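Peer 1: need the 3D shape of this:
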Amino acid sequence: MAAFPSRKLLTIALVILTTLLTITLYRLTSLETCFKMHRAVHGDLSALWRNPEGTAERPHAAACEIEQVKAGYSLYQMLIKEPLHFKCQKPRTIQNRDEGSWTYCADPGFALKKPCLVYSFGINYDFTFDDAAGKLGCQVLSFDPSMRNLTDRRRNENVMFYLIGLGSHDTDTFEPRLNSYVAEPTKWKMRTLKTLLQQMKHADRTIDLLKIDIESSEWQVIRNILDTGVLRQVKQLLLEWHIFPDTPPRKEYVKLAEVLDELKAAGFRSFHRHEHPVNLDWSEFNVQSDVAYVNVKFKDR
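Peer 2: Numbering: from 1, shown residues only. As a prediction, the model looks like this:
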């Protein structure tokens, strides 16, 4: 008579079988995640430019690499190394008071001419760009919640300042991360761009230029602006992208690449880029890059 396996052997066999099943399920999940990442991060983004409608099937690499460092390095390539995709014939640069500058496109169809509308987020007490846009005849709305010694006020005939921040959701109790602009814990009033446009009675207006410099919060904000469809109202987008050693979380890098991908699919083509050499060290996960875009899909409202 054949001997039945002992209870101990059966237990061992069950553990081995469970482990193999768990590994198999994990690998299947990882493969799906990997495929999505290669579509968003390692895909041949040039295919999107050859097909402006975004319907081209982008190739993906045969080998699968889902490590956060590699995903992050792909972000670095997209923010720093990727070729520009629009040739602006009349770029105009406005130098900030202390350091840095902003470049916009003055080509026909994009030039800032009265009655233009500009939304500017992230001032840090330097209204150089906002004042310059105001002198061109634009109505300029300037926002910065970190300038706590100021209140909502009219700066001049065309420039109005608001002690409000641009957020991915509406809240009066946003707690910003501590950095060179925020020395101690505080709470800010934040509104989405869609909410601000409604409050300012600009829901049906064209935004001739949208400037955003909000110290790494731009990733969630652009995600929200994409989801709400407000970008269709924007002609030009001037954006300072940030990746710091501690934020955004590295586990989010794939999603960040998706934001860049979708921004392009929405019609935004880069025509200018400036990297900040002081904050450019990928070995420390540190990237800061000013990128200027025009919306080639813009249609007059």
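
Peer 1: quick one: the helices in the protein?
Peer 2: Applying DSSP state H to the chain gives helices spanning 7-37, 46-50, 68-76, 128-135, 193-199, 218-228, 253-265.

Peer 1: mean pLDDT lowest where, among those helices?
Peer 2: Here the helices of the chain differ in mean pLDDT, and the lowest is helix 46-50 at a mean of 31.

Peer 1: if I pick Ser270, what's in contact with it?
Peer 2: Counting by C-beta atoms under 8 Å, 6 or more residues apart in numbering, Ser270 makes contact with Glu82, Leu84, His85, Phe86, Val291, Ala292, Tyr293. In short, each C-beta sits where N, CA and C put it, glycine included.

Peer 1: at 6 Å instead, please
Peer 2: Leu84, His85, Val291, Tyr293 (C-beta atoms under 6 Å, 6 or more residues apart in numbering).

Peer 1: which residue packs closest to it, ignoring adjacent ones?
Peer 2: Leu84 (4.9 Å; C-beta to C-beta, 6 or more residues apart in numbering).

Peer 1: can you give me the distance of the one you found to Val291?
Peer 2: 9 Å (C-beta to C-beta, to the nearest Å).

Peer 1: neighbour-wise, which of those two wins?
Peer 2: Val291 (24 against 14; other C-beta atoms under 10 Å).

Peer 1: surely Tyr293 meets Leu237?
Peer 2: Yes - the criterion here is C-beta atoms under 6 Å, and Tyr293 meets it with Leu237 at 4.4 Å.

Peer 1: between the two, who's got more neighbours?
Peer 2: Taking neighbours as other C-beta under 10 Å, Tyr293 and Leu237 compare with Tyr293 leading, 27 against 23.

Peer 1: beta partners for the residue lying closest to that one once chain neighbours are set aside?
Peer 2: Closest residue to Tyr293 apart from its sequence neighbours, by C-beta to C-beta, 6+ apart: Phe268 at 4.0 Å. Legend: beta-bridge partners of Phe268 under DSSP bridges are Asn295.

Peer 1: tell me the contacts of Phe268?
Peer 2: Taking C-beta under 6 Å, 6+ apart as the test, what Phe268 contacts is Leu237, Tyr293, Asn295.

Peer 1: kindly report the same for Val118.
Peer 2: Val118 touches Ala133, Cys138, Val140, Leu209, counting by C-beta under 6 Å, 6+ apart.
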